[in-house]
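Participant: Sequence and predicted structure below; questions after.
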Amino acid sequence: MTCQPYFLTKVYQWLKNQQSCLLCSAPSARALALCEACEADLPWLGSQCLQCALPIPDQHALCTECTHNPPFFSKVIAPFEYIFPVDTLINRFKHQQNWPYGKLLSHLLGHYLNYYYDEGGLRPDYIVAVPLAKQRQQKRGYNQAQILCDWLSKELKLVSQPQLIRRTRETQSQQGLTAQERQKNLQYAFHVPQPERIKNKHIVLVDDVLTTGTTCSTISSLLLEHGAAWVEVYCLARTPKPSKYRLSP
């Protein structure tokens, strides 16, 4: 359909020429549509939980939730906290089809991951987008996680497997639900149609934002049950807890 970014070639011209910064409108003086000053001011994720990337004071610790109720994914890699202006950029990409904002953040995530690989991080066998509920995707016209996954697979030369996980039923929005309600809401919501393809594989789930991690943990559990070696999560941003910076005892 024409709302997909693949048909909007003009939005990619900013990658090829010197551009104005998407945040302050000043000349960026480089191909990236982001000036150096605004890039430095972005809410880069600093010290964080070793497993779920929740912002915490001690970068060598687990948060309380991962200590007492660990998720099934082994690690989250995200460059940003989900606060201004990154939250605004993601929402405009996700809900208003502003592809340049998504492409910019995807490009920054790609640079972040290249550094992670250079420092010894392992490249996955497959990356796969978190599936969106069918009715929600039909209403929106696209799955922003799949768009991110496609961009990352091309930039980082990773193998994308869009059919590796399927959504089997509609679920209500996770927003506003308790942890127990979130888990129940996602019960039997996903399916691995070809489990032999994931046996002993390192798989990465791609999403735009990680909030509680329930969806990614549910999918990770399913992948591990079907023989995956381990599962990581790549996302643009990590939402901090309202009661910020709780450490495990």
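Facilitator: Thanks, I have the structure now. Numbering: from 1, shown residues only.
Participant: Please count neighbours and contacts with C-alpha atoms only from this point.
Facilitator: Will do.
Participant: Could you give me the buried positions within stretch 187-197?
Facilitator: Within stretch 187-197, the residues that qualify as buried are 189, 190, 191, 192, 195, counting by 16 or more other CA atoms under 10 Å.
Participant: And residue 71, how close does it get to residue 196?
Facilitator: According to CA to CA, to the nearest Å, residue 71 and residue 196 sit 23 Å apart.
Participant: I meant to write residue 50 there.
Facilitator: Remark: distance between residue 50 and residue 196 (CA to CA) = 30 Å.
Participant: How about residue 223?
Facilitator: Distance, residue 223 to residue 196, by CA to CA: 11 Å.
Participant: Ok, residue 45 next?
Facilitator: Taken as CA to CA, the span from residue 45 to residue 196 is 36 Å.
Participant: Next: residue 238.
Facilitator: For residue 238 relative to residue 196 (CA to CA), the value is 32 Å.
Participant: Likewise for residue 143?
Facilitator: Distance of residue 143 to residue 196, given as CA to CA: 26 Å.
Participant: Repeat that for residue 54.
Facilitator: Distance of residue 54 to residue 196, computed by CA to CA: 33 Å.
Participant: can you give me the strands in this protein?
Facilitator: Per DSSP state E, the chain carries strands over the ranges 75-77, 80-81, 126-129, 166-167, 190-191, 202-210, 230-238.
Participant: I'd like to know which of those is closest to residue 23.
Facilitator: When those are compared by CA to CA, strand 80-81 sits nearest residue 23, at 15.6 Å.
Participant: residues in contact with that closest one?
Facilitator: Identification of contacts with strand 80-81 by CA atoms under 8 Å, 6 or more residues apart in numbering yields 42, 43, 44, 45, 55, 86, 236, 237, 238, 239, 240.
Participant: Please list only the buried members of those residues.
Facilitator: Among these, those classed as buried by 16+ other CA under 10 Å are 43, 44, 45, 55, 86, 236, 237, 238, 239, 240.
Participant: Could you list which of those residues belong to helices?
Facilitator: Among the buried ones among the contacts of strand 80-81, the members falling in helices are residue 86 (criterion: DSSP state H).
Participant: Just put the strands of the chain in JSON lines and tack on mean pLDDT and distance to residue 19.
Facilitator: Shown next, in JSON lines, are the strands of the chain (pLDDT from 0 to 100; distance: least, CA to CA, whole Å):
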{"stretch": "strand 75-77", "mean pLDDT": "98", "distance to residue 19": "28"}
{"stretch": "strand 80-81", "mean pLDDT": "98", "distance to residue 19": "23"}
{"stretch": "strand 126-129", "mean pLDDT": "98", "distance to residue 19": "30"}
{"stretch": "strand 166-167", "mean pLDDT": "90", "distance to residue 19": "39"}
{"stretch": "strand 190-191", "mean pLDDT": "92", "distance to residue 19": "41"}
{"stretch": "strand 202-210", "mean pLDDT": "98", "distance to residue 19": "24"}
{"stretch": "strand 230-238", "mean pLDDT": "98", "distance to residue 19": "22"}
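Participant: I'd like the ones you listed as a markdown table, with distance to residue 23 appended.
Facilitator: Below are those laid out as a markdown table (distance: least, CA to CA, whole Å):
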| stretch | distance to residue 23 |
| --- | --- |
| strand 75-77 | 24 |
| strand 80-81 | 16 |
| strand 126-129 | 27 |
| strand 166-167 | 36 |
| strand 190-191 | 38 |
| strand 202-210 | 19 |
| strand 230-238 | 17 |
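Participant: nearest to residue 115, of these?
Facilitator: Distance to residue 115, taken as CA to CA, is lowest for strand 75-77 among the strands of the chain, at 11.5 Å.
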